[in-house]
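**Q** Have a look at this prediction, sequence included:
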Amino acid sequence: QVQLVESGGGLVQPGGSLTLSCVASGFTLDYYAIGWFRRAPGKEREAISCISSSGSSTNYRDSVKGRFTIRRDNAKNTVYLQMSDVKPEDTAVYYCNVMLAGINYWGKGTLVTVSS
């Protein structure tokens, strides 16, 4: 079955860096765009970034532009979110997402806490 498993979260100091991974299984990653989302405490889930199936096209939320980079390694069935210069407002559970045949699939998320 379709599975997305996020990892790489943890506690990081403001200004620090972290790389999140999303490992996909149960479908051919090469054919699908992947998105990263996050849900901060007490807030709605929001889209952060997405990457096309080939990796040639990426998009970012304004608040993370220039700080976050999305990339993918289809050979490893993995999509990454490189986070740098993190801020306390980046604290959230981060999820990856894929839509297959009109159905949204989500991982269970990985918690990122930005705090000194």
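**A** Perfect, I can see it now.

**Q** helix or strand for the closest residue in space to residue 73 that isn't next to it in sequence, which one?
**A** Nearest residue to residue 73, sequence neighbours excluded (Cβ to Cβ, 6 or more residues apart in numbering): residue 80, at 7.5 Å. Just so you know, the C-beta spots here come from the backbone N, C-alpha and C atoms, and that holds for glycine as well. Per DSSP states H and E, residue 80 falls inside strand 78-83.

**Q** coming back round to it: list the contacts of the residue nearest to residue 73.
**A** For residue 80, the contacting residues are 19-22, 70-73, by Cβ atoms under 8 Å, 6 or more residues apart in numbering.

**Q** Of those, just say which sits nearest to residue 107.
**A** residue 22 (6.4 Å; Cβ to Cβ).

**Q** Confirm that that closest one sits in a strand.
**A** Yes - assignment of residue 22 by DSSP: H, G, I helix; E, B strand; the rest coil places it within a strand.

**Q** Just give the closest residue to it, not the sequence neighbours.
**A** Using Cβ to Cβ, 6+ apart, the nearest residue to residue 22 is residue 96, at 3.5 Å.

**Q** Return the distance of the strand or helix carrying the one you found from the chain's centre.
**A** Using DSSP H and E, residue 96 sits within strand 92-100. Distance of strand 92-100 from its chain centroid, counting by Cα atoms, centre = their mean, to the nearest Å, is 6 Å.

**Q** quick one: average confidence on that strand?
**A** Strand 92-100 carries an average pLDDT of 97.

**Q** In this structure residue 116 contacts residue 15, no?
**A** No - with contact defined as Cβ atoms under 8 Å, residue 116 does not count as touching residue 15 (9.2 Å).

**Q** any idea which of the contacts of residue 80 has the most stuff around it?
**A** residue 22 (27 neighbours; other Cβ atoms under 10 Å).

**Q** circling back: and the pLDDT for the residue nearest to residue 73?
**A** 98.
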